[in-house]
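Enquirer: Okay, here's the prediction I keep looking at, along with the sequence it came from:
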Amino acid sequence: MKLLFLIADGMGGWPGEAAGGKTCLEAAATPNMDEMARAGQIGTCRTIPEGMPPGSDVANMALLGFDPAKYHTGRGPIEAAAQGLSLEPDDLVWRMNLVRVSELSTTGDMLDYSSGHITTEVSSPLIEDLQEHLGDETFQFHPGVQYRHLLVHKGGASEVEADLRISPPHDITDKPIRSDLKEFSRSPRMWDLLFTAHERLAETARGTKANSIWPWGQGRPLILPGFKQAFGRTGAVVSAVDLVRGLGRAAGMEVIEVPGATGLIDTNYAGKVEAALKFLEHGDFVYVHLEGPDECGHAGDPAQKVESISRFDARIVAPLRQALAGEDVAWFITCDHFTPIAERTHTADPVPFLFYTNACAGRDCEPSGAACFSEAEARATGLVVETGHELLPWVLRQIKG
């Protein structure tokens, strides 16, 4: 049986964030997921282990079946895996955003974690310039996708920098950066790098919203077990973001690049569907990740978040259902975490999930009796998978009967 995991990043939310007191998921047009929910099983799961930050890095690692408490070392190392960087065991890898701050001082605020969703074509030359002028034997700048880049501190895993606790910039939008600058000041090297890069961007990034780098999410290089060895399936990931691609590459999965996949609401939906279907011609597990709902949640835009969820249903779920009608296929649909409009960042609420097979109403599982797919309906069924990394094994057990 083929298995599809369809992940709408940040899709979950809280009542009242959309019209009529609804969540964005409840307000969205989701006839395909609703029909599958009525015929299949829905429930909830806590994808974020207790004591860990509610990030996409932690949650997607769990959804791929790997325990974050055991394998997670940081956000930066996962994205370094996506780029295939050659690293030493004692290197320290930072995720590095291009951001916009009101001023780089203790009275400044984080205005934009993405520099206006700067494009890769614009951001890459800025990072390459930083490498040319500031890179050395200690620090190396590596271009990534859009606002998401990497900073490698060679041999830094045992230094004071490894213990710095810097806020993810999307967690402090429109909030002071005072406490984070105080944390950066614990490392004279990071302090100097931050301000020197700020000065350099003042010259090179004119005409953009980028005026500072923001290193965070640092850790040692990532090591994961092989996916096929762990779960007995040939797998692939389809995503616009290095985070998910890095998890896939670290686990020895096929990483499928889709031209026009942006990580935003205007992504190449048809390309993602085509990539998933092509892989399933020879593989048996595909993880399709859509970033749009999360970005809309960070922007605090309920209308766009509703639209992004509606597009997920209409442009990802619907064409896959049509193409695979009558095939021996199991579906698992969820989000990695909540991104409530009111918070504009991630929360650790248990996420709703949907499990469906073409035979779900028969021998494989009893329908949950849900009216639709929503956070409230999922909670009401009482079906709970306690931890995120147990979801994939749970699904595999359902398939085997």
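Expert: Ah, there it is.

Enquirer: Could you count how many residues lie near Glu386?
Expert: Counted with other CB atoms under 10 Å, the neighbours of Glu386 add up to 11. Any C-beta I mention is one placed from the backbone N, CA and C, and that applies to glycine too.

Enquirer: Is it within a helix or a strand, and which one?
Expert: strand 384-387 (DSSP states H and E).

Enquirer: Show me what that strand is packed against.
Expert: Where contact means 3 or more CB pairs under 8 Å, 6 or more residues apart in numbering; DSSP states H and E, strand 384-387 is packed against strand 41-46.

Enquirer: And the strands in this structure, which stretches?
Expert: Using DSSP state E, the strands of the chain run over residues 2-8, 41-46, 92-101, 110-112, 139-145, 148-153, 212-219, 235-238, 254-256, 285-290, 329-334, 351-357, 384-387.

Enquirer: Turn the ones you listed into JSON lines, including mean pLDDT and distance to Val395.
Expert: What follows is the strands of the chain, written out as JSON lines (pLDDT from 0 to 100; distance: least, CB to CB, whole Å):
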{"stretch": "strand 2-8", "mean pLDDT": "97", "distance to Val395": "7"}
{"stretch": "strand 41-46", "mean pLDDT": "97", "distance to Val395": "10"}
{"stretch": "strand 92-101", "mean pLDDT": "98", "distance to Val395": "30"}
{"stretch": "strand 110-112", "mean pLDDT": "98", "distance to Val395": "38"}
{"stretch": "strand 139-145", "mean pLDDT": "96", "distance to Val395": "29"}
{"stretch": "strand 148-153", "mean pLDDT": "98", "distance to Val395": "29"}
{"stretch": "strand 212-219", "mean pLDDT": "98", "distance to Val395": "29"}
{"stretch": "strand 235-238", "mean pLDDT": "98", "distance to Val395": "13"}
{"stretch": "strand 254-256", "mean pLDDT": "97", "distance to Val395": "20"}
{"stretch": "strand 285-290", "mean pLDDT": "98", "distance to Val395": "10"}
{"stretch": "strand 329-334", "mean pLDDT": "97", "distance to Val395": "5"}
{"stretch": "strand 351-357", "mean pLDDT": "96", "distance to Val395": "6"}
{"stretch": "strand 384-387", "mean pLDDT": "96", "distance to Val395": "9"}
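
Enquirer: Report the contact partners of the residue nearest to Ala8 when sequence neighbours are not counted.
Expert: Distances taken as CB to CB, 6 or more residues apart in numbering place Phe312 nearest to Ala8, at 4.7 Å, with adjacent residues excluded. Applying CB atoms under 8 Å, 6 or more residues apart in numbering to Phe312 gives the contacts 6, 8, 11, 290, 292-293.

Enquirer: where's Phe312 relative to Ala318, distance?
Expert: 10 Å (CB to CB, to the nearest Å).

Enquirer: What of Met11?
Expert: Using CB to CB, we find Met11 at a distance of 16 Å from Ala318.

Enquirer: Worst mean pLDDT across the helices and strands of the protein, which element?
Expert: helix 391-400 (a mean of 93; mean pLDDT, DSSP states H and E).

Enquirer: Could you tell me the angle between that helix and strand 2-8?
Expert: 140 degrees (axes from the mean of the first three to the mean of the last three CA atoms, to 10 degrees).

Enquirer: and helix 391-400, which residues are buried?
Expert: 391-392, 394-396, 398-399 (16 or more other CB atoms under 10 Å).

Enquirer: And the residue nearest to Ala8, how close does it get to Val273?
Expert: With the distance defined as CB to CB, Phe312 ends up 11 Å from Val273.

Enquirer: Compare the contacts of Phe312 and tell me which has the most neighbours.
Expert: In terms of neighbours by other CB under 10 Å, these top out with Met11 at 33 neighbours.
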